[in-house]
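*Asks:* below are the sequence and a predicted model; questions follow.
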Amino acid sequence: MLQPIFLSVPLSSWALVGGQSWPRRSITGYECLQWIEAMRLTRYFLPTLKETPADAQIVSHRLMLRSCMIRQEAAGIYSWLPLGLKVLRNIEQIVREEQNRAGAIEMLMPTIQPAELWRKSGRYEAYGKEMLRITDRHNREMLYGPTNEDMITDMFRSYCRSYKDVPKLLYHIQWKFRDEVRPRFGVMRGREFLMKDTYSFDVDAAAAMKSYNRMFVAYLNTFARMGLKAVPMRAETGPIGGDLSHEFIILADTGESAVFCHKDLVDMPPPGVDVDFDGDLQPLVDARTALYAATEDVHDAAAFAAVPKDKQLSARGIEVGQVFYFGTKYSEPMGAKITLADGSETPVHMGSYGVGVSRIAGAIIEASHDENGIIWPMEIAPFKVGIINLRQGDEATDGACETAYQNLCNAGLEPLYDDSNERAGAKFARMDLIGLPWQIIIGPRGLKDGLVEIKERASGARESLPLEAALNKVAAAYARLNG
RNA sequence: CGGGGAGUAGCGCAGCCUGGUAGCGCAUCUGCUUUGGGAGCAGAGGGUCGCAAGUUCGAAUCUUGUCUCCCCGACCA
């Protein structure tokens, strides 16, 4: 029954990153065989909803609930169901790859921290009710970390004493908890959220700017790979403190903050993955900070007025990342000092750089959906292609679907095969809802003439062609992505 | 934290004003017919009406308390 089909487009599962061969897609980020997850719908867990839960107000939240990505467990606290978890992992993996490329080193700090650390930095009382405070069985004061500056500064202090130990960029991807007064918008403003936070350690302010620029450029590439147009904007530093900060904002009507920027920034292409992170990044950063862009908190109406009228963009935005330079704000009180070449001591200069990994899942949907459901960018899609069997039980149809499934699996294209016995309409609606980039639609009518249908979710464009050509077309789209 | 609203079957809702032991649509299960954009018919299962006190012969319904969730605002990745 199964007919091997030769895919004319070579698929490389390995991409060149920083001169090394890395797995293109893996769960752990470590070198391993390419991780392929294909699935038959009847074996999967995907009870999609036809009706919208009443509590969900914004489109991304509604679609995430309907497509069975998440389930609310308490206000601002969610389970990530199988489909949602795959999306979350894909986002996380892009963030990880771009951090590694920029020279940051991954580690993992705990979610629970001792209160003592925060007393040392002077933040324990200052952070207020947003911090979830816990007492353990020995009556020790603990907290569920809302961020990790204090812990990493303490760690740096205990291991690094010399100017020779810097620069260092360390990051982790870990769950955070902030006891928001009013969680809302699903995962975009949860109390528990997954965040990538990087911390930089440098000898002085000038060196710290180089770290800042690394992260700035890494973020531009990170969001571009996710199909997002993120605009860096001057921003307030807030409780993290410091002198210099940019928020990376994607424009969306449902955004929480008002933003003002020069239109040219929106479509400015990313620096690209072949940037030399050890080279001078300042021109790249300057190109994106020369034009006016600011969030409402630091908005300067006069400066904005100087932007040509037809280039003024006043919109709403979702913050997906933020970079801070805060100098010695933590190293000073916590005694994280390094010895310089001349024997003198100086507090290490620090910055922190956050990406809201779980928030991005919602943000991408806000930026990419239509009335039928989600439209996933290729790199984010939980499965890369859906196979719709229009007549389960029909020998020719079942056979063609199996052939497609096996070949797509072999090609690493992570197909989701709808082998359920439901009616065509239900299958179409569900496949559109979960937003896989490509659909291969196979039924007896088309097969009579040796044809299957291929549909691109984003454009809705459909085309009838032989199975082999359809598979090759999807493979070609994926190969382009892998460069 | 101020202001508003809601908790009744997995989801969406009605019933409450005027107390009498719970109903509709979707979903689920069974059977038959269907099968190219969320099918039709027939049958079935599923709810201590958020929780706790109180009033009453009797409470989903009235009273009080309490918990949870949502929305608007202020605040935040």
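*Replies:* Received, thanks.
*Asks:* so the spatially most central residue of chain A is in which element?
*Replies:* With distances taken as C-alpha atoms, centre = their mean, the residue of chain A nearest its centroid is residue A:91 (3.5 Å). Residue A:91 is part of helix A:82-101, with elements assigned from DSSP states H and E.
*Asks:* now that helix, how far from the centre of its chain.
*Replies:* How far helix A:82-101 lies from its chain's middle: 6 Å, per C-alpha atoms, centre = their mean, to the nearest Å.
*Asks:* and stretch A:210-220, by the same measure?
*Replies:* Counting by C-alpha atoms, centre = their mean, stretch A:210-220 is centred 16 Å from the centre of its parent chain.
*Asks:* mind giving me the domain split of chain A?
*Replies:* Domain assignment for chain A, taken from automatic domain parsing, gives A:14-38+A:383-481, A:86-369.
*Asks:* do the first one and RNA strand B meet at all?
*Replies:* Yes. Under the criterion of C-beta under 7 Å from any atom of the strand, domain A:14-38+A:383-481 makes contact with RNA strand B via A:390-391, A:393, A:421-426, A:428-430, A:432-433, A:441-447, A:453, A:455, A:462. For the C-beta atoms, the positions are set from N, CA and C on the backbone; glycine is no exception.
*Asks:* residue A:94 and residue A:221 touch, don't they?
*Replies:* No. Using C-beta atoms under 8 Å, residue A:94 makes no contact with residue A:221, being 9.2 Å away.
*Asks:* residues of the stretch 101-250 of chain A that sit close to RNA strand B?
*Replies:* With the criterion set to C-beta under 7 Å from any atom of the strand, the stretch 101-250 of chain A comes near RNA strand B through A:129, A:178, A:180-185, A:188-191, A:193, A:195, A:236, A:238-240, A:247.
*Asks:* mark which of the residues you listed are part of strands, please.
*Replies:* Assigned to strands by DSSP state E, the following of these qualify: A:193, A:195, A:247.
*Asks:* next up, the contacts around the last one.
*Replies:* Shown in contact with residue A:247 (C-beta atoms under 8 Å, 6 or more residues apart in numbering): A:232, A:233, A:235, A:295, A:319, A:321, A:322.
*Asks:* ok, those residues vs residue A:43, which is closest?
*Replies:* Within these, distances to residue A:43 taken as C-beta to C-beta reach their minimum at residue A:321, with 36.4 Å.
*Asks:* now that closest one. Nearest residue, chain neighbours left out?
*Replies:* Leaving aside its sequence neighbours, residue A:321 sits nearest to residue A:248 (C-beta to C-beta, 6 or more residues apart in numbering; 3.9 Å).
*Asks:* who's in contact with that neighbour?
*Replies:* The neighbours of residue A:248, taking C-beta under 8 Å, 6+ apart as the test, are A:219, A:223, A:230, A:231, A:232, A:233, A:319, A:320, A:321, A:322, A:323.
*Asks:* which of these count as buried?
*Replies:* Burial by neighbour count, 16 or more other C-beta atoms under 10 Å: within the contacts of residue A:248 this picks out A:219, A:223, A:230, A:231, A:232, A:233, A:319, A:320, A:321, A:322, A:323.
*Asks:* in contact with the third one, which residues?
*Replies:* In other words, residue A:230. Counting by C-beta under 8 Å, 6+ apart, residue A:230 makes contact with A:219, A:220, A:223, A:224, A:248, A:249, A:250, A:320, A:321.
*Asks:* now stretch A:191-210: buried residues?
*Replies:* Neighbour-count burial for stretch A:191-210 [16+ other C-beta under 10 Å]: A:191-203, A:207-210.
*Asks:* quick one: mean pLDDT for it?
*Replies:* Mean pLDDT, stretch A:191-210: 97.
*Asks:* export that stretch to CSV, keeping only CA atoms.
*Replies:* Extracted C-alpha coordinates of stretch A:191-210, given in CSV (Å, rounded to 0.1, in the frame of the first residue of the first chain):
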residue,chain,number,x,y,z
ARG,A,191,0.4,35.5,37.0
GLU,A,192,2.5,32.4,36.2
PHE,A,193,4.5,32.9,33.0
LEU,A,194,7.5,31.5,31.2
MET,A,195,10.3,34.0,30.7
LYS,A,196,13.7,33.9,29.2
ASP,A,197,15.9,36.2,31.3
THR,A,198,19.5,37.0,30.4
TYR,A,199,22.0,38.8,32.7
SER,A,200,25.1,40.5,31.6
PHE,A,201,28.3,41.2,33.6
ASP,A,202,30.8,43.7,32.4
VAL,A,203,33.8,45.6,33.6
ASP,A,204,32.4,49.1,32.9
ALA,A,205,29.6,50.9,31.2
ALA,A,206,31.2,50.9,27.8
ALA,A,207,31.7,47.2,27.9
ALA,A,208,28.2,46.7,29.2
MET,A,209,26.8,48.5,26.2
LYS,A,210,28.4,45.8,24.0
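*Asks:* show me what counts as buried in stretch A:41-57.
*Replies:* Neighbour counts over stretch A:41-57 (16+ other C-beta under 10 Å) mark A:41, A:44, A:46, A:48, A:56 as buried.
*Asks:* what's it in contact with?
*Replies:* A:62, A:65-68, A:72, A:81-83, A:184-186, A:416-420, A:430, A:433-434.
*Asks:* quick one: that stretch near RNA strand B?
*Replies:* Yes. Stretch A:41-57 lies within reach of RNA strand B by C-beta under 7 Å from any atom of the strand, at A:48, A:49, A:50, A:51, A:52, A:53, A:54, A:55, A:57.
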